[in-house]
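J.: Let's see this in three dimensions:
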Amino acid sequence: MSRFRFAFLFLVAALAGCAQNPVAAPESKQAAGNLHRAKVMTDLAAAYLQRGEIRVALSQVRQAIEADKRYPEAYDVLGLIYMDLAEDKLAEENFRKALDLDPKNSDIHNNLGYFYCTRGRYKEGLEQLQRALQNPLYRTPELAMYNTGICHEKEGKMAEAEADFRRALTLRPDYGFAMLSLAKLYYAQHRLAEAEKQMLRYGQLARPTPQSLWFGVELERKRGDKAQEEAYADQLRRLFPNSPEAQQLNPAP
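T.: Predicted coordinates:
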């Protein structure tokens, strides 16, 4: 699974919940029913997208928009779907439509910012992420701060990226994505002791993934710690035996 996909899944998971900003009160029972239907369908679409069932997700979100054409989160999820499909024009159009309907929604600003950053539009991406962070009611500011780090890292601004990942961890100390990204940044800079420290912290506070365990194998291999390398490898084989990462390991002795 690519790094983009790894981070993208978390964005979808964060989105599948209650709306950040209250939607205007419906004027009728029918409108209330339409709004409820749109929310249910949007949440289902986000869940299917997280599982990689793109066609079903697309069908669900289209039903959501059909139920209520003014439900911003539906367009946000549609933007995420098109982003995953590399339909960039349609992704941007739907993120923008979502913001037209709910200009102060930090979740949408975060997703649009992340989209821009993954497409090399760093200035626009950072502007959107900053707008997300400026909202004092934003429920998950660590997401936008982490994505700011991703954007700076892609720009080659490693000092800024490191600071951003650290700020994300200040906002949420158990934030596995930030710990893992910080460890990888240290690894790339040959700061192996600091990378190991982050991985030990990750092991204490966050759930292992195939990606994190495979990185642990690579890190300990680089450090020359055979025992710790095999400990990560054993955990990868045991927890995720069918993952692509597990297939890259040598057969267990």
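J.: ok, and the closest non-adjacent residue to Leu49?
T.: In this structure, Leu49 finds its nearest non-sequential neighbour in Ala57, 4.1 Å apart by Cβ to Cβ, 6 or more residues apart in numbering. Any C-beta I mention is one placed from the backbone N, CA and C, and that applies to glycine too.
J.: If you could redo that for Ala31, that was the one I meant.
T.: Spatially, and ignoring its direct neighbours in sequence, Ala31 is nearest to Asp68 (7.9 Å; Cβ to Cβ, 6+ apart).
J.: what about that neighbour, neighbour count?
T.: 21 (other Cβ atoms under 10 Å).
J.: start the count at 500, not 1, going forward
T.: Done: numbering now begins at 500, and the last item shifts to Asp567.
J.: That one contacts Asn533, doesn't it?
T.: Yes. Look at Asp567 against Asn533 with Cβ atoms under 8 Å: they come within range, at 4.6 Å.
J.: re the thing from before, ok, how many other residues are close to the residue nearest to Leu548?
T.: That count, for Ala556 with other Cβ under 10 Å as the rule, works out to 25.
J.: Quick one: name whatever helix or strand follows the helix or strand that contains it.
T.: Secondary structure assignment for Ala556, by DSSP states H and E: helix 553-566. Using DSSP H and E, the next helix or strand after helix 553-566 towards the C-terminus is helix 571-583.
J.: Other residues contacting whichever helix or strand comes after that following helix?
T.: Downstream of helix 571-583, the first helix or strand assigned by DSSP H and E is helix 587-600. Residues from elsewhere that reach helix 587-600 (Cβ atoms under 8 Å, 6 or more residues apart in numbering): 569-575, 577-579, 581-582, 604, 607-608, 610-611, 614, 618.
J.: Quick check: buried residues in helix 587-600?
T.: Ala590, Glu591, Asn593, Phe594, Lys596, Ala597, Leu598, Leu600 (16 or more other Cβ atoms under 10 Å).
J.: of all these, which comes closest to Pro707?
T.: Nearest to Pro707 among the buried residues of helix 587-600, counting by Cβ to Cβ, is Ala590 at 31.0 Å.
J.: gap between that closest one and Glu695?
T.: Taking Cβ to Cβ, to the nearest Å as the measure, Ala590 falls 38 Å from Glu695.
J.: repeat for Leu598
T.: Look at Leu598 and Glu695: by Cβ to Cβ, they are 41 Å apart.
J.: helices or strands up against whichever strand or helix holds Ala537?
T.: Element membership for Ala537, per DSSP H and E: helix 528-549. Identification of packing neighbours for helix 528-549 by 3 or more Cβ pairs under 8 Å, 6 or more residues apart in numbering; DSSP states H and E yields helix 502-514, helix 553-566, helix 571-583.
J.: show me the contacts for Glu717.
T.: Tyr686.
J.: ok so, going back, the helix holding Ala537 to helix 571-583, inter-axis angle?
T.: 20 degrees (axes from the mean of the first three to the mean of the last three Cα atoms, to 10 degrees).
J.: what number of residues lie near Asp663?
T.: Other residues close to Asp663 by other Cβ under 10 Å number 25.
J.: thinking it is in contact with Met644, fair?
T.: Yes. Between Asp663 and Met644 there is a contact at 5.7 Å, judged by Cβ under 8 Å.
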